[in-house]
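Asks: can't give you the sequence, but here's the structure:
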């Protein structure tokens, strides 16, 4: 049975590394296989869905949404202005520490979504270089996620697996003696030496660009076109969703003007009338063909800036990024109903320097893609809260994002949760559920929003992968792997075993998700601890810190993927900027537990 589980383990790692199937589907497939083959009982297989870590991860997404909804982004921007101002060194230190502190209590991606607009606003205001500040901010998010038990999924997973093995679980601040020095080292190192290797961003770098610059970058510098619907046009009386103009002509209607009324963006069921003026995007030949075949009068070109100036209240153009775990990944805007769901229309796509304006709505999207979109501010904010998009730039200042009185309520709830869990008055799962209830009662979070903001794929992945650790311990697979590592590193002592498990996790997390690496290696680490008289908690921490070091490269780290293009970073930039944090993890682990 041990060898069968090892084969399943290796197969799982290979499938996850290929990244061809959603990670939650792979995890569920592995779970079903282990139950069907009787490696696990049904009760053991379903245990992950009731595990505290699964519940805590889901509530963390909800609590983060409550904090964002209360105006945290604007508060962060104001705080950075007061602390750092135009000084680049102070800004780097502030970004690392502030993003790190926030990530101690929220998911890294949620903090990144808060910090990115605030950071870019400061870069624009003070004419700074984005390549100098985006990577420090991203590293702060990643390292800060290791400050507390609540900070990231691997922390919670390792603690849960320790408890299942009969050990004391990790506490709220078990990680702090390692993560806090690493965060301070990172801030000091980047402030003192970052200017020697971080890019200046002077070439092809945009920060808070003008609409004219956006139009040029997305291939829309020749402008959009206006057409008038004539009395005998064949389009009259037909709803827009029946026209199929995108499919037939590769032309999109961005706006319909009817007298003093603007439909921007128009709804799919809007019916055209004589005299309507259409603002469309498409190639000149395609627009001319559309006009000729449907009796439309061509009125001429109109710039993107002119269209934006005349948009109704609440409607904007924006540049957005596709984040990891977005429902858009591998799917097209049409398939997911981006326009009907959020009122967002995809105008153009920028992917690795290549502009795509034709067939944007039918193009399958990838992590890190940049989209030029038009939509309502409310729709864009909802898409961000639900994890579909991250807004890089609103192409005009976004009102309504000021801190609200509920910011202090939401902050107080989060602080209370940490104090209750940290002092042991309540368990973390109980305190997080209590905090969630208070968020809803006080109006910081709407009940209908709770389930929208959760990344359910991540939750399902955790619940389905946790029993794999049980299978490894139950079948003897963890013992086999532990003996292999013991033979390799054991003769050199405990420090070598700790180093071996740490750097193995660092290597694996460059091709696998950090949660998967934690679930796979923690049982092995616990077996090593038993066989060599080492602290199981220190070895579990070695797995967590190693598996959370994916930010060392831009290969699998979500934040690095999203800032790489904007900051014009090279592979070595990530290595040089992140290496001190990873080395600090290792040295402090040796100091605390190696011998």
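Replies: Arrived safely, thanks for sending. On a predicted model such as this, the values are computed, not experimentally measured, just so you know. Numbering: from 1, shown residues only.

Asks: CA atoms for contacts and neighbours, from now on please.
Replies: Will do.

Asks: next one: residue 271 from residue 311, what distance?
Replies: 20 Å (CA to CA, to the nearest Å).

Asks: same question, residue 46
Replies: On the measure of CA to CA, residue 46 and residue 311 end up 51 Å apart.

Asks: check residue 374 too.
Replies: 10 Å.

Asks: which of those two has more neighbours?
Replies: residue 374 (26 against 17; other CA atoms under 10 Å).

Asks: out of everything not next to it in sequence, what's closest to the residue positioned nearest the centre of the chain?
Replies: The centre of the chain sits closest to residue 109, judged by CA atoms, centre = their mean, with a distance of 3.7 Å. Nearest in space to residue 109, with sequence neighbours left out and distances taken as CA to CA, 6 or more residues apart in numbering, is residue 559 at 7.3 Å.

Asks: the one you found in helix, strand or coil?
Replies: helix (DSSP: H, G, I helix; E, B strand; the rest coil).

Asks: mind listing what it touches?
Replies: Contact partners of residue 559, counting by CA atoms under 8 Å, 6 or more residues apart in numbering, are 109, 112, 138, 551.

Asks: secondary structure added to the residues you listed, as TSV?
Replies: Putting those into TSV (three-state DSSP) gives the following:
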residue	secondary structure
109	helix
112	helix
138	helix
551	helix
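
Asks: and which of those is nearest residue 465?
Replies: residue 109 (21.1 Å; CA to CA).

Asks: any idea which helix or strand comes after the lowest-mean-pLDDT helix or strand in the chain?
Replies: When each helix and strand of the chain is scored by mean pLDDT, DSSP states H and E, helix 304-309 comes last, with a mean of 70. For helix 304-309, the following helix or strand on the C-terminal side (DSSP states H and E) is strand 315-321.

Asks: from the chain's centre, how far out does the helix or strand just after that following strand sit?
Replies: Next helix or strand after strand 315-321 toward the C-terminus (DSSP H and E): helix 333-336. Centroid displacement of helix 333-336 relative to its chain, using CA atoms, centre = their mean, to the nearest Å, is 20 Å.

Asks: need the contact partners of helix 333-336.
Replies: Against helix 333-336 from outside (CA under 8 Å, 6+ apart): 327, 328, 339, 346, 360, 361, 362, 363, 364.

Asks: separation between the first one and residue 335?
Replies: Applying CA to CA, one obtains 10 Å for the distance of residue 327 from residue 335.

Asks: higher neighbour count, those two?
Replies: The neighbour count for residue 327 versus residue 335, taken as other CA under 10 Å, is higher for residue 327 (19 against 12).

Asks: my read: that one touches residue 388, true?
Replies: Yes. At 6.0 Å, residue 327 counts as touching residue 388 under the criterion of CA atoms under 8 Å.

Asks: give me the low-pLDDT residue ranges for the stretch 101-250 of the chain?
Replies: Along the stretch 101-250 of the chain, segments meeting pLDDT under 70 span 200-212, 221-223.

Asks: repeat that for 90
Replies: Where the stretch 101-250 of the chain drops to pLDDT under 90, the residues are 102-132, 150-153, 157, 160-161, 164-166, 172, 194-226, 231-232, 234-235, 237-250.

Asks: quick one, strands of it?
Replies: Listed in chain order, the strands of the stretch 101-250 of the chain (DSSP state E, counting those that start in this stretch) span 224-229.

Asks: could you pull out the helices in it for me?
Replies: In the stretch 101-250 of the chain, the helices defined using DSSP state H, counting those that start in this stretch lie at 108-125, 130-144, 153-164, 176-193, 211-217, 240-243, 245-249.

Asks: packing partners of the second one?
Replies: The one in question is helix 130-144. In terms of contacts (3 or more CA pairs under 8 Å, 6 or more residues apart in numbering; DSSP states H and E), helix 130-144 is packed against helix 88-103, helix 108-125, helix 176-193, helix 558-567, helix 571-593.

Asks: which other helices and strands contact the longest one?
Replies: Other helices and strands packing on helix 571-593, by 3+ CA pairs under 8 Å, 6+ apart, are helix 130-144, helix 176-193, helix 494-508, helix 536-547.

Asks: most tightly packed of the ones you listed?
Replies: Greatest average neighbour count among the helices and strands packed on helix 571-593 goes to helix 130-144 (a mean of 29), per mean count of other CA atoms under 10 Å.

Asks: that one vs helix 558-567, what angle?
Replies: 170 degrees (axes from the mean of the first three to the mean of the last three CA atoms, to 10 degrees).

Asks: centre of the chain to helix 130-144, how far?
Replies: 14 Å.

Asks: go on, stretch 173-191?
Replies: The answer for stretch 173-191 is 22 Å, by CA atoms, centre = their mean.
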